[in-house]
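S.K.: Quick one: sequence plus predicted model below, questions after.
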Amino acid sequence: MPFERPDIIRPPSEWRSYFLPLTAGCSNNTCTFCNYYGSRLRLRKVEEVLAEINALALYKQEGLMVSGMPEMVYVIGRQWDGQRVFLQDGDALVYPFPKLKEVLERLNERFPRLRRVASYATAGDILRRSPAELRELRDLKLGLLYMGVESGDEAVLASIRKGASYREMVEAGRRVKEAGILLSATVILGLAGVAGSTEHALATARILTDIDPDYAGALTLIPVPDTPFFDAVKRGEFELVTPFRSLEELKLIIENTGFTDCFFSSVHASNYFTVRARLPREKERVVQTLADIIAREDPSLLRKEYSRGL
């Protein structure tokens, strides 16, 4: 079957990147809360990927369009500055290593101003790569990997069928950093519901401390239709945290982390309040800001429910 280009699902910081699909779906399709739940992983033929890179280069350098190339190439390419590429889809690092190298080599060859390539990656994807392989990818400008950690609570990880343990995610994160690749770790507020809220937050602070990523980002849980998590909420089996309780979790995570030097943010549209801070330098300021907002319990200070999204 022809490869179907996936929808663009990206980290907020990749908004200026060119989105180059290598895969569609996710190899780890069992996470009960995720929009990739039950998706079928599909690998794009490397010849198609290389042809897209060539067409994009022709368009950016000569203004010429190649017949038969997806319109999206030119929609994205029109605004692209030639400096950053984000590899799609849910975990593009799963792409076979020799083919991934070939793609990165072609990107470097065609775009001399290229500064960085980034990708989502599961812990399993990372651990399948040897340290030497990761260093090879780094030398080809794979400069940033986004790893979904979600929680540090082993019970939560098991309940959402994450497919990776606390230990495996810490090991994967350290392997990325030792290879000289920047690491961004993502966690999800509210993932343990009301009953497990405090332990989820404290355990998440612990795993973030142990991984010690360069960047960390918090999202807030939004149940996705057609997932087991959504169905459990509808049946009343899972009690969602309130907006202010999600900020309590955010505060607990930030004040209990022990980062070396991490840029922490909650800029994602799912969140009720935006935090941007260099930790630990700005920890006291952010914790106090969150404490003040929680104490006031003024809904006007939060993002409106209708404007939240994934």
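M.R.: Received the coordinates, thanks.

S.K.: Residue 171 falls within a helix, correct?
M.R.: Yes - assigned with DSSP: H, G, I helix; E, B strand; the rest coil, residue 171 falls within a helix.

S.K.: Just give the nearest non-adjacent residue to it, would you?
M.R.: Nearest non-adjacent residue to residue 171, counting by CB to CB, 6 or more residues apart in numbering: residue 127, 6.6 Å away. Using the backbone N, CA and C atoms, a C-beta is placed for each residue, glycine as well.

S.K.: Then residue 214?
M.R.: residue 182 (4.6 Å).

S.K.: now swap in residue 218 and tell me
M.R.: residue 266 (4.4 Å).

S.K.: Show the pLDDT at the one you found.
M.R.: Residue 266 is assigned a pLDDT of 93 by the prediction.

S.K.: wouldn't it be in contact with residue 246 here?
M.R.: No - between residue 266 and residue 246 there is no contact under CB atoms under 8 Å: 9.5 Å.

S.K.: Pull up the overlap in contacts between those two.
M.R.: residue 220 (CB atoms under 8 Å, 6 or more residues apart in numbering).

S.K.: Identify each buried residue in stretch 184-196, please.
M.R.: 184, 185, 186, 187, 188, 189, 190, 191, 192, 193, 196 (16 or more other CB atoms under 10 Å).

S.K.: let me redo that: stretch 55-64
M.R.: Going by 16+ other CB under 10 Å, stretch 55-64 has these buried residues: 55, 56, 57, 59, 60.

S.K.: Stretch 15-35 too?
M.R.: Residues of stretch 15-35 classed as buried: 17-29, 31-35 (neighbour count, 16+ other CB under 10 Å).

S.K.: what do you get for stretch 139-155?
M.R.: 140-142, 144-153.

S.K.: ditto for stretch 196-216
M.R.: Buried-residue list, stretch 196-216, by 16+ other CB under 10 Å: 196-197, 200-201, 203-216.

S.K.: how about the helices in the protein?
M.R.: Taking DSSP state H, the helices of the chain run over residues 46-62, 71-77, 97-110, 123-128, 131-139, 154-159, 166-178, 197-211, 228-234, 243-256, 283-296.

S.K.: between those, which gets the lowest average pLDDT?
M.R.: For the helices of the chain, where the average pLDDT is lowest is helix 228-234, sitting at a mean of 89.

S.K.: Can you point out the buried residues in it?
M.R.: 228, 229, 230, 232, 233.

S.K.: One more: stretch 152-170?
M.R.: Going by 16+ other CB under 10 Å, stretch 152-170 has these buried residues: 152, 153, 156, 157, 159, 160, 162, 164, 166, 168, 169, 170.

S.K.: nearest to residue 255, of those?
M.R.: residue 152 (15.0 Å; CB to CB).

S.K.: wait, the closest one sits on residue 204?
M.R.: Yes - using CB under 8 Å, residue 152 is in contact with residue 204, at 4.4 Å.

S.K.: Reformat the buried residues of helix 228-234 as TSV; add distance to residue 3.
M.R.: Listed next are those as TSV, based on distance: CB to CB, whole Å:
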residue	distance to residue 3
228	28
229	29
230	28
232	33
233	34
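
S.K.: right, and the pair among those with maximum separation?
M.R.: Among those, 228 and 233 lie farthest apart (CB to CB), at 9.9 Å.

S.K.: do you know how far residue 163 is from residue 149?
M.R.: 12 Å (CB to CB, to the nearest Å).

S.K.: Equivalent analysis for residue 23, please.
M.R.: Counting by CB to CB - residue 23 and residue 149 are separated by 21 Å.

S.K.: What of residue 209?
M.R.: 12 Å.

S.K.: same thing with residue 95?
M.R.: For residue 95 relative to residue 149 (CB to CB), the value is 22 Å.

S.K.: so what's residue 12 up against?
M.R.: The contact partners of residue 12, by CB under 8 Å, 6+ apart, come to 217, 265, 267, 268, 269.

S.K.: out of the residues you listed, which is most surrounded?
M.R.: Neighbour counts for the contacts of residue 12 (other CB atoms under 10 Å) peak at residue 217, which has 24 neighbours.

S.K.: can you pull the contacts of it?
M.R.: 11, 12, 184, 185, 186, 187, 264, 265, 266, 267, 268.

S.K.: one more time with 6 Å
M.R.: Contacts for residue 217 were tallied using CB atoms under 6 Å, 6 or more residues apart in numbering; they are 186, 265.
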